[in-house]
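Asker: Need the 3D shape of this:
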Amino acid sequence: MHLIVAEKNISARRIAEILSEGKKITEHKDAGVSTYNFGDTTTVGLRGHVVEIDFEAGYQNWRSEEATPRSLIDAKTIKIPTEKKIVSLLQKLARKADRVTIATDFDTEGELIGKEAYELVRAVNPKVTIDRARFSAITAQELRHAFSHTTDLDFALAAAGEARQSIDLMWGASLTRFISLAARRGGQNILSVGRVQTPTLSMIVDREKEIEAFVPEKYWQLALDFEKNTEVIEARHTNGRFHEKAAAEKARDRTKAPLVVKNVKFGTKQDRAPSPFDTTTYIVTAARLGLSAANAMRIAEDLYMNGFISYPRTDNTVYPPSLDLDGILKTLQNSPFKKDVEWVMANRRAVPTRGKKSSTDHPPIHPTGGATREQLGDDAFRVYELVLRRFLATLAPDAMWKTLKILFDANGEEYTTTGGQLTDPGWHTVYPFSEARETILPEFTTGEKLPIKNVTLDEKETQPPARYTQSRLIQRMEELGLGTKSTRHEVIAKLVSRKYVEGAPLHPTLVGRVVTESLEQHADTITKPVMTRTLESHMQLIKQSQRTREDVIRESREMLHHAFDQLEANQQVIGDDIRNRTAEEMNLGKCPVCGGTLAIKHLRGNTQFIGCSRYPECTFNIGLPMAQWGFAVRTDEICEKHQLNFVRLVRKGARPWDIGCPLCHQINSNHESLREIPSVDEELAGRIQAIHIYTVAELTHSTPEVLTKKLGISSDRAATLIQEAGFVLEKLRRRSECRKFMRDHLIPRKGRSYAKILSALKEVGISELSLLAKADSTTLKKAGVSDAEAEQLLTDAKIVYNSHLLKEIGIPAVSLKKYLSAGIIEPESFCAHSPVALSDMTGMSLGTIQRHVELVCKYLNKPAPKKFSKLQIERGKKELLAISGLGASAVEKMIQAGIIDAGSLLKADPKKTASETGIAEQKIRDYQKIIRRKKETAIIQL
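Answerer: Got it, this is the predicted structure:
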């Protein structure tokens, strides 16, 4: 068997589709992992890294006196499977293989993933042939060439990846642990430090300091408007900026009509077509589409995996001679941009444009297949169009401009204006992402005199340096050698998720700034790019086999030990500094009740809320969602009404949830609930909120005396208000229970949300679990739930609701579990079966069952069945078995139906008993006749 190992499942499927060449492909699943089989070939996809490095056992305890943060520098590491099912399947397939081809992405990370797969295969099949397929696009031509020209794994390239893994682990783990322990922060509140992350953060902090330290300088600009052929045109003074107001005013006062044309200068300008995309220039340009760096890369990777563009992680800006540009153009004729492609083919430049960077791993990013908006969706199609048009632009001719510069004289003061006209649009024809702005001026002749309409003197100020956008920061990181093309956008995303930076453009949060400044003061090598750039360059030497992995890791350890010499000497100072300065990061503003300070509080167990600094004297607080929905942080925006900082919930892998002003959110989200209290109208709701009672729960905890005094209402009305609030609070609790149930039991899908479904159900009167349990599937389907989901949802709702109800009635949890397993879900089921039957079904004792049935019957307001002892049932069983024709099986059925002796059989309704036991009605009548005859005989004998 030929086993092909791809980096992801989607790649494995695409490779199988292309290499099968029409053969039938069979998909198999093993423990949820797919394989694709055709002929004697099987493809399987990994999930990126399926193993990871971690420290040996003994380093997990952060507070260990032996395993200190510094000890992590020299700690041994081991490889641990992170995707056990995939690892197991890969080795299972490898045992049967006689050839294995590694087909992961061809870059440092992809080669390391390939080496990990190589080692897993070798562990179970030491002699199997293993080769490597390298490609830059998942297209038929590329893959066929790659698999017919396989090579060996590049172990030097993989070693560079391993070195990076080890170095990043030791730096990140040791420094993060040291700083977090020094500042006494743990859980979701740890302070992350990293080899690339921290110098990048330092750049953002330094830029913010530049902005704050910037002292604007005033300057003045002089301009005039004149008219030519009814068109008003502006000309600017040739002095540009005047740094003295008096000089600018003199020039303005000297400016007098007429405006005389002093010189007319014509020219031409070549507008060179753009160079091909590498990763950085792609991210920078995608930012103009409104895409973050991480989002731009995610979309590009999806397009690559599906065969629409080439590999998006590349430093190359020069098309290699081997790239079939003609073939790509022909392929693109099948795209929606056929006219643009054909225009380029007809007007193609002799040699494609080229950038300054050339490498041999991958070509620049370019399109590889035709695609439509319907295939890709809006965002992906915009990226695809950007890549396609950039490719076309690199093959299109340069644009040409006609330029015009006019010099004017106004009573000795010189003014000028310029114009530009696109005479040959060239590459602009196919690339609208770079706007060509024309300024077309009328004809002027030397000596021509023109009237001046007005003269303006504008006072302006110099501006501070701009904050970094994500794309500009990535450019700067590349210039300084921070990170790689594959990791720079991930570093920025980590800074955002760690709550170190926020906004667009980026600026540091208080905690990001404090950590950076503390490190700059006590261990500045960590915050400077020099150390990271040195290690990056040495890792490049590993790729070229000029240095070894062990050598570079040893060098990194020495650097880190030097940093720890500085850190440990100042541990107390660093910890105190960070704690004292970051205390403010959770403060939001003044408490509306007592004037104290409101601050975000994080407790163990995911609990977070906003509380007053004067607790317990002031108990005012504002609830927040559990931390599982996002860690609450303060933002710089302030509410104009309440003067409180806004709050944001930040969760890894999800978009931030902006709550806004927490008090506005508290009022708005609870206003409708307050209005549900029968005696609360709009006016009273406003008065209640004015005394800082915002929730129904707060109202229930108030006293009639407090409400009478603060609201100016009678004590009777206050008592009624509190009682009504209690009823509404219970109703809200039941609604919350229903919402939680829906979140736990309904899988979210694109185009539908819990909120939409709950809103639809609320419209038909279903807002509580008890009502949901009694609903029908048609109602749920109308609300947006599928057929299969509706049936399962109703079953689960009944189980959950009735479980709660039966617990409230008094059924213990252990017994309840046995009832549910036996299918006894609703209280009514306890009355539908005899205690004996329930005992048989659940395996519980008859006495226990009878106690439970009595509780349920009391709740249902139904008479409890007569109690029988075990001895009575055994005696009655003997009586029944003594009846001629009544066998053991029929007796068991009767006992389960509550007929435990001859007397109860005689009194039973034959028709009902037949229905409950399955015994023919006539037989039951016959048994009753036998009992009567026995009784009559017994009486005669007496």
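
Asker: drop to CA atoms for contacts and neighbour counts, all remaining ones
Answerer: Noted.

Asker: wait, doesn't Val50 sit right on Val87?
Answerer: Yes - proximity of Val50 to Val87 meets the contact threshold set by Cα atoms under 8 Å, at 6.8 Å.

Asker: any common contacting residues for the two?
Answerer: Both Val50 and Val87 are contacted by Pro81, under the criterion Cα atoms under 8 Å, 6 or more residues apart in numbering.

Asker: Can you get me a residue count around Ala117?
Answerer: 25 (other Cα atoms under 10 Å).

Asker: So, low pLDDT: which residues of the chain?
Answerer: For the chain, applying pLDDT under 70 flags the ranges 605, 652-654, 747-754, 896, 938-942.

Asker: top helix in it by residue count?
Answerer: Longest among the helix segments of the chain by residue count, using DSSP state H, is helix 715-745.

Asker: so when I look at Leu388, I'm seeing a helix, right?
Answerer: Yes - assigned with DSSP: H, G, I helix; E, B strand; the rest coil, Leu388 falls within a helix.

Asker: List the contacts of it.
Answerer: His366, Pro367 are the contacts of Leu388 under Cα under 8 Å, 6+ apart.

Asker: where exactly do the helices run in the stretch 151-300 of the chain?
Answerer: 155-182, 197-213, 245-254, 279-286, 293-305 (DSSP state H, counting those that start in this stretch).

Asker: and Phe741, which of those helices is closest to it?
Answerer: Phe741 lies closest, by Cα to Cα, to one member of these: helix 293-305, at 32.5 Å.

Asker: Mean neighbour count for the helices of the stretch 151-300 of the chain - can I get that in TSV?
Answerer: Formatted as TSV, those follow (neighbours: other Cα atoms under 10 Å):
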stretch	mean neighbour count
helix 155-182	22
helix 197-213	20
helix 245-254	15
helix 279-286	22
helix 293-305	21
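
Asker: Quick one: closest of these to Lys127.
Answerer: That would be helix 155-182 among the helices of the stretch 151-300 of the chain, by Cα to Cα, at 18.1 Å.

Asker: between that closest one and helix 197-213, how many degrees?
Answerer: Angle between the axes of helix 155-182 and helix 197-213 is 60 degrees (criterion: axes from the mean of the first three to the mean of the last three Cα atoms, to 10 degrees).

Asker: tell me which residues of stretch 719-739 are tucked away?
Answerer: Across stretch 719-739, burial judged by 16 or more other Cα atoms under 10 Å covers 719, 721-722, 724-726, 728-729, 731-732, 734-735, 738-739.

Asker: Likewise for stretch 549-563?
Answerer: Quick answer for stretch 549-563 (16+ other Cα under 10 Å): Arg549, Val552, Ile553, Ser556, Arg557, Met559, Leu560, Ala563.

Asker: The host helix or strand of the third one versus helix 155-182: what angle between them?
Answerer: Pointing back at Ile553 there. Taking DSSP states H and E as the definition, Ile553 sits inside helix 549-569. Here the directions of helix 549-569 and helix 155-182 differ by 10 degrees (the same axes, to 10 degrees).

Asker: who does helix 549-569 touch, helix- and strand-wise?
Answerer: helix 155-182, helix 529-543 (3 or more Cα pairs under 8 Å, 6 or more residues apart in numbering; DSSP states H and E).

Asker: Which residues does that helix contact?
Answerer: 70, 73-74, 159-160, 162-163, 166-167, 171, 522-523, 525-526, 535, 538-539, 542.

Asker: will you turn the buried residues of stretch 719-739 into JSON lines that also has distance to Phe646?
Answerer: Below are the buried residues of stretch 719-739 laid out as JSON lines (distance: Cα to Cα, whole Å):
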{"residue": "Ala719", "distance to Phe646": "36"}
{"residue": "Leu721", "distance to Phe646": "32"}
{"residue": "Ile722", "distance to Phe646": "32"}
{"residue": "Glu724", "distance to Phe646": "33"}
{"residue": "Ala725", "distance to Phe646": "29"}
{"residue": "Gly726", "distance to Phe646": "31"}
{"residue": "Val728", "distance to Phe646": "29"}
{"residue": "Leu729", "distance to Phe646": "28"}
{"residue": "Lys731", "distance to Phe646": "30"}
{"residue": "Leu732", "distance to Phe646": "27"}
{"residue": "Arg734", "distance to Phe646": "30"}
{"residue": "Arg735", "distance to Phe646": "28"}
{"residue": "Cys738", "distance to Phe646": "30"}
{"residue": "Arg739", "distance to Phe646": "26"}
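
Asker: any chance of the helices of the stretch 151-300 of the chain in CSV, plus distance to Met586?
Answerer: Listed next are the helices of the stretch 151-300 of the chain as CSV, based on distance: least, Cα to Cα, whole Å:
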stretch, distance to Met586
helix 155-182, 17
helix 197-213, 20
helix 245-254, 46
helix 279-286, 34
helix 293-305, 28
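
Asker: Which of those helices sits closest to Val5?
Answerer: Taking the helices of the stretch 151-300 of the chain one by one with Cα to Cα, helix 293-305 is closest: 14.6 Å.

Asker: and that closest one, what other elements does it pack with?
Answerer: Where contact means 3+ Cα pairs under 8 Å, 6+ apart, helix 293-305 is packed against helix 9-19, helix 279-286, helix 378-395, helix 488-497.

Asker: Between these, which one is closest to Lys453.
Answerer: Lys453 lies closest to helix 279-286 among the helices and strands packed on helix 293-305, at 41.3 Å (Cα to Cα).

Asker: Now do the closest one against helix 378-395, angle only.
Answerer: Using the same axes, to 10 degrees: helix 279-286 against helix 378-395 is 120 degrees.

Asker: got the angle for helix 279-286 vs helix 488-497?
Answerer: Using the same axes, to 10 degrees: helix 279-286 against helix 488-497 is 60 degrees.

Asker: what does helix 279-286 contact?
Answerer: Applying Cα under 8 Å, 6+ apart, the set of residues contacting helix 279-286 is 292-293, 296-297, 312-315, 365, 383, 386, 471-472, 474-475, 478, 485.

Asker: Mind doing that once more with 7 Å?
Answerer: The contact list for helix 279-286 (Cα atoms under 7 Å, 6 or more residues apart in numbering) reads Ala293, Ala296, Pro312, Arg313, Thr314, Asp315, Ser471, Arg472, Ile474, Gln475, Lys485.

Asker: From those, pick the one nearest Thr418.
Answerer: Each of the contacts of helix 279-286 was checked against Thr418 using Cα to Cα; the closest is Arg472, at 29.9 Å.

Asker: hang on, the earlier thing: in whichever helix or strand comes after the helix holding Ile553, what's buried?
Answerer: Next in sequence after helix 549-569, counting helices and strands by DSSP H and E, comes helix 571-582. Using 16+ other Cα under 10 Å as the test for burial, helix 571-582 gives Gln571, Val573, Ile574, Gly575, Asp577, Ile578, Arg579, Thr582.

Asker: Could you export those to TSV, including columns for distance to Asn606?
Answerer: Shown next, in TSV, are the buried residues of helix 571-582 (distance: Cα to Cα, whole Å):
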residue	distance to Asn606
Gln571	29
Val573	30
Ile574	28
Gly575	25
Asp577	27
Ile578	23
Arg579	22
Thr582	21
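
Asker: Compute the inter-axis angle for the helix holding Ile553 and helix 571-582.
Answerer: Using the same axes, to 10 degrees: helix 549-569 against helix 571-582 is 80 degrees.
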